[in-house]
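S.K.: Sequence first, predicted coordinates after that:
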Amino acid sequence: MSTQDTPTRRADLRSGPHVPPERAALGCRDVTKTFGAVTACDDVSIGIDDGEWVSIVGPNGAGKTTLLNVLNGFYDPDTGGRIFLDGEDVTADRAYKRARKGLGRTFQGLELFDDEDVLENVMTTQAVRERPNLLSALLFYRGGRRLEAENMRRVEEIIDYLELWEYRHDTVASLPLGIQRRVDLARTLALDPDVLLLDEAMSGLTFDEKYDMVRFLADLNENEGLTLVMIEHDLEVVTDVSERMVVLNQGGVVARGNPEDVTNDPEVRNIYTGVD
Amino acid sequence: MPCGEYFTSYDDRMGLIRWRTERVAFLLALPIPFLIPFVLGGGAVSMLTRIFVFVIAVLGLNVILGYAGEIVLAQGAFMAIGAYSSTRIVAELGAGLIPGMLVGGLLTATIAVIFGLPSWKVKGFYIAISTLALQFIALWFFQNSELAFIHGGSQQNVPREVGLIGDFATVSTATEQYFLILTVTVIFVLATLNLSRTGIARVFRGIHENDLSSAVLGINVFKNKLLAYAIGGFMIGVAGSLYSIYIGFVDPGSYTIELTLEHYVMLLLGGMGRVWGAIIGVAAVTIAQDEIRTLLREYAADATTLEPVFFGVLIIVVLAVEPKGIIAGLGQIKDYLRKWPYAY
Ligand SMILES: Nc1ncnc2c1ncn2[C@@H]1O[C@H](COP(=O)(O)OP(=O)(O)OP(=O)(O)O)[C@@H](O)[C@H]1O
Ligand SMILES: [Mg+2]
């Protein structure tokens, strides 16, 4: 499927990780993940630099979500694969520990606490960060009470920042998709993450909703220094916002680098337009 | 302009008593429990005492099931463990009611945690089965007279006159029992109300609703499930030891699967996950049960066997009409009254 005469630029697109995974804000080395006969991730190594905005693209079933699941700790990679967070090997840590170490993520299928309102959804995360001990919770004495008030204040800041104020008492399930995705973002931000993994955070959104989402993400990336890794199908958005992109196909990295170069790459174009 | 009352500060919003009407109602209702033994007859006091005991047990179930979402079917077993262990402490060691309750509660909490360990790997249905197994193991265990060296005897009388600690401050009359059990109930109601408005219950509700996203938000799902088992188990165990004091003896027949079913009906009817719901549910079911029993007895002596049918029908009706229970219905009325006479 590839042509014989390879332009020199294309060699770059086939080179290894941009940053050594071991020293990256988030990285993985030699990650393979098989489910029976299916190889969902095939020897993937990536390194994401602090403060970067990276997109992961690829056709359906390419292994994007699986890679995210391995990175955040839902799946263990097959033996030999290693995951690094801020230069630390976190392969042995379970998902909740990686979250506490600053790795946030959202879900493709929106896993919100549907029956609760926006405030409660975000408060749940905040409760994890700043949790009262059992005794002060049972007595609701000074410490516990002050903590609740502080948590509430911080959560309201986040809700305000994401312009969710008018929805704060609405049950999440009753809100439009665009708002629900923003609630998901709010809930993850309450974790105060350093790296944020977004699994198709813009899928199903209208143009305006996408615009809003990009606006918030850009602000977080530029002003708060949040490292963003997003899975995104909309190549226009990807080339507009991200500094680098990684293309996955059949579990493996096909190309990586500057979005313009990558999207013009014949092999990448072939994956997107080819029969499949 | 919004109408009705609104909160102006964080403290207001988090208070247990938040509305003017609530404050008035609370102050008016406060003396009632203390006057009841002097106003009502022995039958009513006895029924109220029973309600209080079950409130503690159902609040314990509410922590495990209503908050953490674990379907535990060992209510009878947990109460039996609390009852038998505290009876040994009280009758044989003579250590008094408070040590008895504490030991009963702690032992039950420990066993609840052990039977919660499978939640490391499995959830929902499997937990229900594993705790149902505990129910049958416990019943076999307490019925087995050869194991009396552990449980102290299948059937035992609880001493009529017991001190709170050792021989100090003895409790013997029905009125004294009433006040003791009322006090313990108030403590547990306040504790669970507090729990429900802090991060701990919020985390429980999180793992109940979605364990996947809970993990992503940094929640150690397994550890928190076990914490819910421990808190709930403790309360149910204490309720078990109070129940033995209330009945005056321990017998495996008081702690069957029917007791579990009864508590589920109470919690479902009142409103799962809600402290006031649990309280209302226990009271409503106990009173209705009493009325129905009297009614059935008038028609046929053995008609009491129809009681489980009554519970079964009640569960179905509640699930069909208002799955969130009485408390949700009351909430709608309250909202309506607060905004009255405006429609919004
Ligand atoms: N838990 C699992 N068990 C078995 N197979 C799985 C599992 N998760 C993913 N797979 C398989 O791994 C492959 C990659 O799936 P994945 O969800 O990672 O793709 P994706 O790139 O996220 O696709 P999409 O764009 O549709 O979200 C698919 O063939 C899928 O069927
Ligand atoms: Mg996917």
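M.R.: All right, it came through fine. All figures in this text were calculated on a predicted structure; none of them were measured in a lab. Ligands and ions are numbered 1, 2, ... in the order given.
S.K.: those strands in chain B, which residues are they?
M.R.: Here chain B has its strands, by DSSP state E, at B:156-157, B:162-165, B:168-171, B:249-250.
S.K.: What are the contacting residues of the second one?
M.R.: Strand B:162-165 has contacts (CB atoms under 8 Å, 6 or more residues apart in numbering or on different chains) with B:90, B:95, B:96, B:97, B:98, B:99, B:169, B:170, B:171, B:172, B:180, B:245. Heads up, the C-betas are built off the backbone N, CA and C, glycines and all.
S.K.: mind putting the residues you listed in JSON lines, neighbour count included?
M.R.: Listed next are the contacts of strand B:162-165 as JSON lines, based on neighbours: other CB atoms under 10 Å in any protein chain shown:
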{"residue": "B:90", "neighbour count": "25"}
{"residue": "B:95", "neighbour count": "19"}
{"residue": "B:96", "neighbour count": "20"}
{"residue": "B:97", "neighbour count": "25"}
{"residue": "B:98", "neighbour count": "19"}
{"residue": "B:99", "neighbour count": "17"}
{"residue": "B:169", "neighbour count": "14"}
{"residue": "B:170", "neighbour count": "16"}
{"residue": "B:171", "neighbour count": "19"}
{"residue": "B:172", "neighbour count": "12"}
{"residue": "B:180", "neighbour count": "22"}
{"residue": "B:245", "neighbour count": "26"}
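S.K.: For those residues, which two are the farthest from each other?
M.R.: With CB to CB as the measure, no two of the contacts of strand B:162-165 lie farther apart than B:99 and B:172, at 17.9 Å.
S.K.: Chain A: helices as residue ranges?
M.R.: A:8-13, A:64-72, A:95-100, A:118-129, A:134-139, A:142-161, A:177-189, A:207-223, A:235-241, A:259-264, A:266-273 (DSSP state H).
S.K.: Turn these into TSV, including mean neighbour count and distance to chain B.
M.R.: Converted to TSV, the helices of chain A look like this (neighbours: other CB atoms under 10 Å in any protein chain shown; distance: least, CB to the nearest CB, whole Å):
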stretch	mean neighbour count	distance to chain B
helix A:8-13	14	32
helix A:64-72	24	7
helix A:95-100	22	4
helix A:118-129	25	3
helix A:134-139	17	4
helix A:142-161	17	4
helix A:177-189	22	7
helix A:207-223	15	17
helix A:235-241	15	23
helix A:259-264	17	27
helix A:266-273	16	30
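S.K.: Quick check: chain neighbours aside, which residue is closest to residue A:254?
M.R.: Excluding the flanking residues, the one nearest residue A:254 by CB to CB, 6 or more residues apart in numbering or on different chains is residue A:247, at 4.6 Å.
S.K.: what's near enough to touch the one you found?
M.R.: By CB under 8 Å, 6+ apart, the neighbours of residue A:247 are A:57, A:58, A:253, A:254, A:255, A:256, A:262, A:268, A:271.
S.K.: Intersect these with the contacts of ligand 1.
M.R.: Filtering the contacts of residue A:247 for proximity to ligand 1 by CB under 6 Å from any ligand atom leaves residue A:58.
S.K.: Save the contacts of residue A:247 as JSON lines, and put in pLDDT too.
M.R.: Below are those laid out as JSON lines (pLDDT from 0 to 100):
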{"residue": "A:57", "pLDDT": "91"}
{"residue": "A:58", "pLDDT": "90"}
{"residue": "A:253", "pLDDT": "89"}
{"residue": "A:254", "pLDDT": "87"}
{"residue": "A:255", "pLDDT": "86"}
{"residue": "A:256", "pLDDT": "87"}
{"residue": "A:262", "pLDDT": "85"}
{"residue": "A:268", "pLDDT": "80"}
{"residue": "A:271", "pLDDT": "80"}
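S.K.: Farthest-apart pair in the contacts of residue A:247, please.
M.R.: So, the contacts of residue A:247 by CB to CB: farthest apart are A:256 and A:271, at 13.5 Å.
S.K.: What's the per-residue pLDDT of residue B:326 here?
M.R.: Residue-level confidence at residue B:326 comes out at 79, pLDDT.
S.K.: next one: residue A:211
M.R.: Looking at residue A:211, the pLDDT reads 90.
S.K.: Report the separation between it and residue B:305.
M.R.: Distance, residue A:211 to residue B:305, using CB to CB, to the nearest Å: 67 Å.
S.K.: Then residue B:104?
M.R.: As judged by CB to CB, residue B:104 and residue B:305 stand 31 Å apart.
S.K.: With residue B:331 instead?
M.R.: Noted for residue B:331: a distance of 36 Å to residue B:305, by CB to CB.
S.K.: Mind checking which of these two has more residues around it?
M.R.: Neighbour comparison, residue B:331 and residue B:305: the larger count goes to residue B:331, with 16 against 9 (by other CB atoms under 10 Å in any protein chain shown).
S.K.: Can you pull out the low-pLDDT segments for chain A?
M.R.: Where chain A drops to pLDDT under 70, the residues are A:1-11, A:129-132, A:136, A:140-144, A:273-276.
S.K.: Quick check, central residue of chain A?
M.R.: Nearest residue to the geometric centre of chain A (CA atoms, centre = their mean): residue A:197, 0.9 Å.
S.K.: Just give the nearest non-adjacent residue to that one, would you?
M.R.: Distance criterion CB to CB, 6+ apart; nearest residue to residue A:197, sequence neighbours excluded, is residue A:105 at 3.9 Å.
S.K.: Contacts for stretch B:45-58 next, please.
M.R.: With CB under 8 Å, 6+ apart as the test, stretch B:45-58 has contacts from B:33, B:36-37, B:75, B:79, B:174-175, B:177-178, B:181-182, B:184-185, B:188-189, B:235-236, B:238-240, B:242-243, B:246, B:263, B:266-267, B:270, B:278-279, B:281-283, B:286-287, B:290.
S.K.: Also stretch B:266-283?
M.R.: B:51, B:54-55, B:58-59, B:61-62, B:65-67, B:189, B:192-193, B:196, B:205, B:265, B:284-286, B:314-315, B:318-319, B:324-328, B:330.
S.K.: Where is the longest helix in chain B?
M.R.: Under DSSP H, chain B gives helix B:221-247 as its longest helix.
S.K.: Around ligand 1, which positions in the stretch 101-250 of chain A sit nearby?
M.R.: residue A:108.
S.K.: show me the contacts for residue 66.
M.R.: Since no chain was named, I'll use chain A. Listed by CB under 8 Å, 6+ apart, the contact set of residue A:66 reads A:33, A:40, A:41, A:75, A:251.
S.K.: Chain B was what I was after
M.R.: The neighbours of residue B:66, taking CB under 8 Å, 6+ apart as the test, are B:267, B:272, B:273, B:274, B:278.
S.K.: what's near enough to touch residue 168?
M.R.: Going with chain A. Residues near residue A:168 by CB under 8 Å, 6+ apart: A:117, A:118, A:119, A:156, A:159.
S.K.: I was after chain B.
M.R.: Applying CB under 8 Å, 6+ apart, the residues near residue B:168 are residue B:96.
S.K.: Residue B:96 versus that one, what's the distance?
M.R.: As judged by CB to CB, residue B:168 and residue B:96 stand 7 Å apart.
S.K.: Kind regards, and thank you for your time.
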